[in-house]
Structures are given as C-alpha cells and as structure tokens.
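Participant: this is the structure alone, sequence omitted:
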C-alpha cells in the first residue's frame, strides 16, 4: 500500500450514496506532505509524456495540481466554476455533478489553453468521469492535446475510469476504491472495516 | 523588488474598477515556482508565531496556502463557498465581494477548526478586507486565535490592510499596490506604465 492508500484506510469514512469522506486530509483540511508525495508520484508516472501544462478544476484539484506543477516544473491552470470579471476569450463546458445532483459550468481562458498545448489533467477524485469529460471538451475546443489524467482517488465502482481508458486516455490513479458497500472501504487488494 | 513585485510589474495589467489582472501567474494560470518562493517568504516572516494550522478560502488562496503549509510543516484548511454534502458541525460567515458585487457564505467544518488552534490565514489578495473579516468571524466562532494574515498582493488603496492592522492583527503582504490609477501599476516604491 502506498502512503495515500494507508491514509484512506486509516482515516477515510464511508457515507451514504457512495461518498468517501476524506476531508481531513484531501479536500477540506489538506496534508501538504501527503500532497507532495502524491505529486512526486504523478511526476514519476507522467515524466515521459511531454506535457507542457497542468490543468485542474477548482477547488479541491488545486492542491495536488500545484504540487505536481512544482514537481514537474510546469505552469498550472485551474478551470473556474464561475466566470470571473477579468476573463476574456473564454472556453466553457457543462459538468453534471453526481454528488451534488446539479449541472455547473467550468471555464478556462483561451489565453492559457491553446493549440500546441499538451495537457496533464490532475484532480482529487475520479468517480463518474463527468468532470473529466468537461475537461476533454475544453481541450478539444482549445485544440490542445490531453496527454494524461492523474487522480488521487478513483472510485472504480462508478466507472469513470472505464470510460476514459476506453477512449484511449492514459489514466493514473494513486488509490483505487473497489467498493464502499456496507460501510467498508475496499481498496484494490485491501479491505478495512468502518 | 522581490520576485512577485517584478512579475506584477512585467505581466500585471490594470482593468477598470481597481482590478489588477494577474491571472497569468496568480489566480487562473499559476506559476508553482513563484508560489513556492512566496510560501518560503511567508514561512520566514511567520516562523516565530507558533501557528499550528493554515487557513485559506477557495479557490485562489489554495495554491499559496498549500505551499506555505508545506514550507511550515502544517495542515491547511480551506473555507468553502458552498456547503458540501459531507460537512457536519459547520461554521459559516457572510462575505461581501466588492469585485463581484454580491454576498457569499464561507464555511468550515468545526472538525478542523477549534479552541486551541493558532491560525495563519493565507490568501492571494487583500483589497477591502471583507474575506479577512469573514475569516475573523469563523475563528471567533471556533474559539481559535488568528496569529497572522499573509497576502500575496495587497491593494493598499482599498484599505482592508488599514482595518486589519488597526484591529491589532499581524498582516504581511508580499507586494503592496499603492494605486492602479490611469492604467499605471504603482507598487510601493515603483511605477510602471501599461
């Protein structure tokens, strides 16, 4: 087990509706040393992909993305969920959030995403893959290439990873959750009870 | 001039309404090496304050905050602008955004903010100080102490810094903008034309 998997087993909690609560170290309170270790692992896995930019979505993607950008020496762009007053030349896509049961828009300025960019998308969670689909749309609109996608945690039972890999995308997840049934976190190869 | 001030002078732009556009390196596309340098400077300035936790607000505060947390070896909590489904025991405060001309709520779980915490608030911008006032309210509700506030960029002409320092808070800003009048960025001690 890697350091993230161990932490999930120790501190993660199962909530109703297939929700994994990791807000003590990933997406509300964050452990910078853990993020740094995960970023170094992303940098290792994607080092030969020729990416020139990291892309993520606010808010909880930003911490792993900025750390990965630092590890790889690359700029990081975060897609916003509201159009800022200072943004011109905007690209937008719609994303349906399964957890929140609503659709929201993500947007990126065409100033910072364009033809010739080779992107690495980094996010905290891969579940249904809807956010990733929004990113694919933004990259297509910009004429940029998506060279890889890295997730801290993949919920395999929600099948976003199947879809993305089926599309030929390179997807790397540092912890893969097989199920959260009966309040039990099952990581690929390990089981714990909560 | 420090590295952030130099970057603002070179790439920052003045927009109408007292807005400084720095979205090429601070709050949309981000430069991780610049963030790391700023974080190291925050760590140096606040090293004797005995803080045990970094607090910030999504989304653009997260990058400087996680880097500062890494530099200081401290956990980082980001206040959210929407109540997540996984949050219990919630503290909330209202913030009026001058730029967006609307009020929004920020919230933090009481699980991660409480009596005995000594907080360092880190954010990208200090303007009117309204977000900082929301943070002061959250800290008070939690019974936590605010030991310091660090900002990448302070817009001195919007006077949030005057208010916070008047309240006895320790405020450190890495770049202080004196004015953006006539399309000219005036940093304390320097002038450039755009």
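Facilitator: Thanks, I have the structure now. On a predicted model such as this, the values are computed, not experimentally measured, just so you know.
Participant: tally of neighbours for residue A:102?
Facilitator: Counted with other CB atoms under 10 Å in any protein chain shown, residues neighbouring residue A:102 total 9. Where you see a C-beta, it was placed from the backbone N, CA and C, and this is true even at glycine.
Participant: please name the nearest non-neighbouring residue to it.
Facilitator: residue A:96 (7.6 Å; CB to CB, 6 or more residues apart in numbering or on different chains).
Participant: now the strands: where do they sit in chain A?
Facilitator: Per DSSP state E, chain A carries strands over the ranges A:13-15, A:19-21, A:29-30, A:53-57, A:76-79, A:90-97, A:102-109, A:118-126, A:145-155, A:171-179, A:184-187, A:190-193.
Participant: same list (those strands) but as TSV, adding distance to residue B:36 and mean pLDDT.
Facilitator: TSV is the format used below for the strands of chain A (distance: least, CB to CB, whole Å; pLDDT from 0 to 100):
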stretch	distance to residue B:36	mean pLDDT
strand A:13-15	32	95
strand A:19-21	30	94
strand A:29-30	16	98
strand A:53-57	14	98
strand A:76-79	12	98
strand A:90-97	28	94
strand A:102-109	23	95
strand A:118-126	17	98
strand A:145-155	20	98
strand A:171-179	22	98
strand A:184-187	31	96
strand A:190-193	34	53
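Participant: give me the beta-bridge partners of the spatially most central residue of chain A?
Facilitator: Residue closest to the average C-alpha location in chain A (CA atoms, centre = their mean): residue A:123, at 1.7 Å. Beta-bridge partners recorded for residue A:123 (DSSP bridges): residue A:151.
Participant: which residues touch it?
Facilitator: A:56, A:57, A:60, A:61, A:64, A:65, A:131, A:132, A:149, A:150, A:151, A:152 (CB atoms under 8 Å, 6 or more residues apart in numbering or on different chains).
Participant: tell me if I'm right that residue A:177 and residue A:154 touch.
Facilitator: Yes. Counting by CB atoms under 8 Å, residue A:177 does reach residue A:154; the two are 6.8 Å apart.
Participant: up against chain B, what does chain A have?
Facilitator: A:15, A:19, A:21, A:23-24, A:28-33, A:35-36, A:58-59, A:62-63, A:66-67, A:69-70, A:73-78, A:80, A:84-87, A:99-100, A:108-109, A:111-112 (CB under 8 Å from any CB of the partner chain).
Participant: again, only this time at 6 Å
Facilitator: Within chain A, the positions adjacent to chain B are A:15, A:19, A:21, A:23, A:29-30, A:32, A:36, A:58-59, A:62-63, A:66, A:69-70, A:75-77, A:86, A:112 by CB under 6 Å from any CB of the partner chain.
Participant: which of those count as buried?
Facilitator: Buried members of those, counted by 16 or more other CB atoms under 10 Å in any protein chain shown: A:19, A:21, A:23, A:29-30, A:32, A:36, A:58-59, A:62-63, A:66, A:69-70, A:75-77, A:86, A:112.
Participant: re earlier: would a markdown table of the strands of chain A with distance to residue B:42 be doable?
Facilitator: Listed next are the strands of chain A as a markdown table, based on distance: least, CB to CB, whole Å:
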| stretch | distance to residue B:42 |
| --- | --- |
| strand A:13-15 | 32 |
| strand A:19-21 | 30 |
| strand A:29-30 | 16 |
| strand A:53-57 | 22 |
| strand A:76-79 | 19 |
| strand A:90-97 | 32 |
| strand A:102-109 | 27 |
| strand A:118-126 | 24 |
| strand A:145-155 | 25 |
| strand A:171-179 | 28 |
| strand A:184-187 | 35 |
| strand A:190-193 | 37 |
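Participant: in the contacts of residue A:123, find the pair that's most separated.
Facilitator: A:60 and A:149 (15.5 Å; CB to CB).
Participant: got the contact list for residue A:61?
Facilitator: A:123, A:124 (CB atoms under 6 Å, 6 or more residues apart in numbering or on different chains).
Participant: look up how far residue A:124 lies from it.
Facilitator: As defined by CB to CB, to the nearest Å, residue A:61 lies at a distance of 6 Å from residue A:124.
Participant: check contacts around the nearest residue to residue A:26 once chain neighbours are set aside.
Facilitator: Spatial nearest neighbour of residue A:26, chain neighbours left out: residue A:124 (5.7 Å); criterion: CB to CB, 6+ apart. If you count contacts by CB under 6 Å, 6+ apart, residue A:124 has them with A:26, A:27, A:60, A:61, A:152.
Participant: okay, now the third one: neighbour count?
Facilitator: Right, the one you point to is residue A:60. Residues near residue A:60, counting by other CB under 10 Å, number 25.
Participant: just the pLDDT at it, thanks.
Facilitator: Here, the pLDDT recorded for residue A:60 equals 97.
Participant: ok, and the closest non-adjacent residue to it?
Facilitator: Closest to residue A:60 by CB to CB, 6+ apart is residue A:27, at 3.9 Å.
Participant: how many neighbours does that neighbour have?
Facilitator: So residue A:27, with other CB under 10 Å, has 22 neighbours.
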